[in-house]
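Chemist: sequence and predicted structure are below.
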Amino acid sequence: MADPRPRKTRTPAGASRTHLRTCNLCEAMCGISIETLETSTLRGAAPQILSIRGDSLDPLSQGHICPKALALQDLHEDPDRLRYPQRKTAAGWEQISWKEAFDQVASRLQQVQAEHGRDAVGVYIGNPSVHNHGMLLALLPFLGALGSRKRFSATSNDQLPHMLANLRLFGHQLLFPIPDIDHTDLFICLGSNPMASNGSLMTAPGFGKRMAQLKARGGRFVVIDPRRTETAALADEYLPIRPGTDALLLLAMLQVQFAESLADPGRLAPYCEGIEVLARECRPFTPETVAADTGI
């Protein structure tokens with residue numbers, strides 16, 4: 001099926017052009033439509049941004065856009081933005097070519113590691129670079145060539161427990177279970193604020209709209225959080241829980257599953273190990289037992 005969105009293929013000076021892109025500032029990765037005015041036919045002349053809008057035909061974000069994407073124009077037009085490599089000299093900063101920059105980076109990396117060991121070079125990886133296609137292709141070979149164990153990222157700050165669970169449960173740290181909120185009837189949100197985060201690690205742009213659709217089809221939305229968040233304000237039911245007691249609540253939920261014979265792995269049973277142990281370990285944690293500690 002042909003894409004019905006208009007695009008200008010020829011862009012003489014003074015003509016507008018529509019660019020369909022993906023915002024790379026967070027995990028939601030919303031589709032955006034950027035309209036520019038080609039101000040010059042000279043090679044390298046920066047086009048003027050006329051508008052940034054959500055792409056209504058993007059199958060994931062469905063036209064949703066947040067202030068971060070709108071601020072891309074501010075970044076693009078910032079007079080202090082670096083557009084070329086710079087080298088610091090005794091007289092100040094000077095512009096150098098890309099070849100000089102890459103050569104200097106490569107030689108200095110080699111020199112530092114030769115003098116101080118591979119781990120003398122540290123790496124930090126995070127937004128927005130991890131959502132860049134070039135980074136996705138080049139990052140792993142680059143890290144392998146560096147050979148440094150000093151790797152830090154948004155992951156090491158906030159999601160390594162999730163990734164360890166993925167590794168132990170599913171065999172790979174990147175096999176994140178993604179909730180299909182567009183087809184669920186009961187959505188329980190525990191200790192998260194997707195109205196602010198766009199659904200971190202579940203990639204759900206336009207979360208408020210998705211919750212409105214859930215309610216329209218007769219579904220329920222429950223939020224469990226110590227703080228009455230922006231997300232809690234949308235909930236059919238908000239349960240304030242005492243900080244640090246999530247594990248007790250989850251154990252009680254498991255206890256009910258086993259006590260009322262609701263736990264049925266079905267066709268997944270051959271892949272499950274230790275269910276009997278889990279049932280035994282959570283047996284003491286009845287809802288009545290944990291109520292005082294959790295506040296629920």
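Modeler: Perfect, thanks for sending it.
Chemist: phi, psi of residue 237?
Modeler: Torsion angles at residue 237 (phi, psi; degrees, to the nearest 10) stand at phi -140, psi 130.
Chemist: and the helix or strand that contains residue 166, average pLDDT?
Modeler: Take DSSP states H and E as the rule and residue 166 turns out to sit in helix 160-170. On average, the pLDDT along helix 160-170 is 90.
Chemist: how about residues contacting the helix or strand following that helix?
Modeler: Sequence order places strand 186-190 as the next helix or strand after helix 160-170, per DSSP H and E. Strand 186-190 is contacted from outside by 179, 181, 211, 214, 219-225, 231, 235, 246, 249-250, using Cβ atoms under 8 Å, 6 or more residues apart in numbering. In short, each C-beta sits where N, CA and C put it, glycine included.
Chemist: let's go with 6 Å and repeat that
Modeler: 181, 220-224 (Cβ atoms under 6 Å, 6 or more residues apart in numbering).
Chemist: tell me the most packed of those, by neighbour count.
Modeler: Neighbour counts for the contacts of strand 186-190 (other Cβ atoms under 10 Å) peak at residue 223, which has 25 neighbours.
Chemist: low-confidence ranges in the chain?
Modeler: Filtered on pLDDT under 70, the chain yields the residue ranges 1-14, 39-46.
Chemist: same thing but 80
Modeler: 1-14, 38-47, 130-133, 157-158, 198-203 (pLDDT under 80).
Chemist: give the buried residues for the helix ranked longest in it.
Modeler: Scanning the chain for the longest helix, with DSSP state H as the assignment, gives helix 98-116. Neighbour counts over helix 98-116 (16 or more other Cβ atoms under 10 Å) mark residue 113 as buried.
Chemist: now what about it, what contacts it?
Modeler: Residues external to helix 98-116 that are found in contact with it (Cβ under 6 Å, 6+ apart): 85, 120-121.
Chemist: ditto for stretch 161-179
Modeler: So stretch 161-179 is contacted by 201-202 (Cβ under 6 Å, 6+ apart).
Chemist: now do the same end-to-end measure for it.
Modeler: 18 Å (Cα to Cα, to the nearest Å).
Chemist: what do you get for stretch 171-178?
Modeler: End-to-end distance (Cα to Cα), stretch 171-178: 16 Å.
Chemist: please compute how far it lies from its chain's middle.
Modeler: 14 Å (Cα atoms, centre = their mean, to the nearest Å).
Chemist: before we move on, what about stretch 97-116?
Modeler: That offset, for stretch 97-116, works out to 31 Å (Cα atoms, centre = their mean).
Chemist: all strands of the protein, in order?
Modeler: Taking DSSP state E as the test, the strands found in the chain are 16-22, 31-37, 48-54, 86-89, 92-95, 123-125, 151-153, 186-190, 220-224, 237-239.
Chemist: how close does residue 75 get to residue 127?
Modeler: Noted for residue 75: a distance of 13 Å to residue 127, by Cβ to Cβ, to the nearest Å.
Chemist: more crowded one of the two?
Modeler: The neighbour comparison of residue 75 against residue 127 (other Cβ under 10 Å) goes to residue 127, with 14 against 9.
Chemist: residue contacts, that one?
Modeler: Contacts for residue 127 (Cβ under 6 Å, 6+ apart) come out as residue 26.
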